[in-house]
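S.K.: Have a look at this fold, sequence not included:
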């Protein structure tokens, strides 16, 4: 069991000790899709939904969530986050919002979890803001698409 970084020799969960690791610049980008009905997407674009400006609210929620990841995921380290952004691309022909959450730090551990939580909370916020007019919204294809820094180096999803 000692070979698993989040378990001690007795099989008990533990937080990894990163005190001896070198600080490096780290970036993670997570992308996911939010699939809406064309009518819902049109209302979103016109700011005509009952709860107001969906994408601005989702952006703020995603940024806040990324900064609070260690409060939600038990074995995540609190990180000195240098940068968080949530970006949206509305694809009218597919009635989809593509969203990305990018997180950066210079620290001893990566920011993949922060980017994942930021993207997922931004997507959930879109759902929350649109659910009054559509219940069957689909949040889909949430995954890490890029990371850099640390001993494992750079990763790019295909």
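M.R.: Yep, that arrived. Keep in mind that what you see is a predicted model, and the values were worked out from it rather than measured. Numbering: from 1, shown residues only.
S.K.: need the contact list for residue 118.
M.R.: 30, 62-63, 65-66, 69, 84, 86, 101, 103 (C-beta atoms under 8 Å, 6 or more residues apart in numbering). C-beta coordinates here come from the backbone N, C-alpha and C atoms, glycine included.
S.K.: Quick check: the gap between it and residue 43.
M.R.: 25 Å (C-beta to C-beta, to the nearest Å).
S.K.: re earlier: sort out which of the contacts of residue 118 are in helices and list them.
M.R.: 62-63, 65-66, 69 (DSSP state H).
S.K.: Now list the buried members of those.
M.R.: Buried residues within the ones in helices among the contacts of residue 118, counting neighbours by 16 or more other C-beta atoms under 10 Å: 62-63, 65-66, 69.
S.K.: can you give me phi and psi for the closest residue in space to residue 38 that isn't next to it in sequence?
M.R.: Excluding the flanking residues, the one nearest residue 38 by C-beta to C-beta, 6 or more residues apart in numbering is residue 95, at 4.8 Å. Main-chain dihedrals, residue 95, degrees, to the nearest 10: phi 50, psi 50.
S.K.: Near the closest residue to residue 68 other than its chain neighbours, how many other residues are there?
M.R.: Leaving aside its sequence neighbours, residue 68 sits nearest to residue 117 (C-beta to C-beta, 6+ apart; 7.8 Å). Applying other C-beta atoms under 10 Å, we find 24 residues neighbouring residue 117.
S.K.: and residue 117, helix, strand or coil?
M.R.: helix (DSSP: H, G, I helix; E, B strand; the rest coil).
S.K.: That one reaches residue 67, doesn't it?
M.R.: No: Residue 117 lies out of contact with residue 67 (C-beta atoms under 8 Å); the separation is 9.4 Å.
S.K.: Determine the residues that are contacts of both of the two.
M.R.: Contacts common to residue 117 and residue 67, judged by C-beta under 8 Å, 6+ apart, are absent.
S.K.: for the contacts of residue 118, which one is nearest residue 149?
M.R.: residue 103 (11.2 Å; C-beta to C-beta).
S.K.: Now do that closest one: how many residues are near it, please.
M.R.: 32.
S.K.: And residue 138, by the same measure?
M.R.: Residue 138 has 12 nearby residues by other C-beta under 10 Å.
S.K.: One more: residue 16?
M.R.: So residue 16, with other C-beta under 10 Å, has 15 neighbours.
S.K.: No further queries at this time; thank you.
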